[in-house]
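Student: sequence plus predicted model, see below.
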Amino acid sequence: MPYNVMVVDDAAMMRLYISSFLKSLPDFKMAAQASNGKEALDKLADLPDLDLILLDIEMPVMDGLEFLRHAKLKTRAKICMLSSVTVAGSPLAAKARELGADGVVAKPSGTVSHDLHEKTGDELAQVMRSLMTAAAA
C-alpha cells in the first residue's frame, strides 16, 4: 500500500511538479496538498493515515518553520523540508532540523523548480524511503 503524502507549498506549479514526481513512485501517493502552513495544520485532523509531509519554508500566512513548531503535536507523519532555502548546512536547514524536520532536501532551481524530478528526484525519493523505513522500525 502506498504511503500517503501531503505537499505544502505556496506555488501551485511546484505542487503540480511534486504531484507528477509522486506519480512516478509506486510506493507514494499524494493524499493532500496545502498552500501554506496554516491550511496544512487545519487539514491534519482529517488525515490520520498521513505518512509524510513535504514542506516548503517560504510561504505566506504561516511559513514552514512555524508549521513545524505545531505539527509534531498534531501528527506522527514524518516531515521532509523541500525548499530552495534549505541547502545542506544552511542556517535554515539547521533550524528546520532543530524544530523537528526529519529530512531536508533543497529544491534544485529555486522556488519553482520545474526540473525537480531530473535534478533532485533520486535524492528526494531516497530520503522519503529512508524516512518511511525509519518510521516502520
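Tutor: Structure received. Residues are numbered from 1 along each chain as shown.
Student: who's in contact with the residue nearest to the spatial centre of the chain?
Tutor: For the chain, residue 54 is the residue whose C-alpha lies nearest the centre (Cα atoms, centre = their mean; 0.9 Å). Residues counted as contacts of residue 54 (Cβ atoms under 8 Å, 6 or more residues apart in numbering) are 5-9, 18, 80, 82, 128. The way it works is simple: take the backbone N, C-alpha and C, and place the C-beta from them, glycine included.
Student: pLDDT-wise, what's the bottom of the residues you listed?
Tutor: By pLDDT, residue 82 ranks lowest within those, coming in at 90.
Student: on the three-state scheme, the residue nearest to that one when sequence neighbours are not counted is what?
Tutor: Of all residues not flanking residue 82 in the chain, residue 54 sits nearest, at 4.7 Å (Cβ to Cβ, 6 or more residues apart in numbering). Following DSSP: H, G, I helix; E, B strand; the rest coil, residue 54 is assigned to strand.
Student: show me the shaky parts of the chain.
Tutor: Residues of the chain that meet the criterion pLDDT under 70 lie in 85-89, 108, 110, 113, 137.
Student: show me where this structure has its strands.
Tutor: 3-8, 28-34, 52-55, 78-83, 103-106 (DSSP state E).
Student: in JSON lines: these, plus distance to residue 61.
Tutor: Converted to JSON lines, the strands of the chain look like this (distance: least, Cβ to Cβ, whole Å):
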{"stretch": "strand 3-8", "distance to residue 61": "11"}
{"stretch": "strand 28-34", "distance to residue 61": "10"}
{"stretch": "strand 52-55", "distance to residue 61": "14"}
{"stretch": "strand 78-83", "distance to residue 61": "16"}
{"stretch": "strand 103-106", "distance to residue 61": "22"}
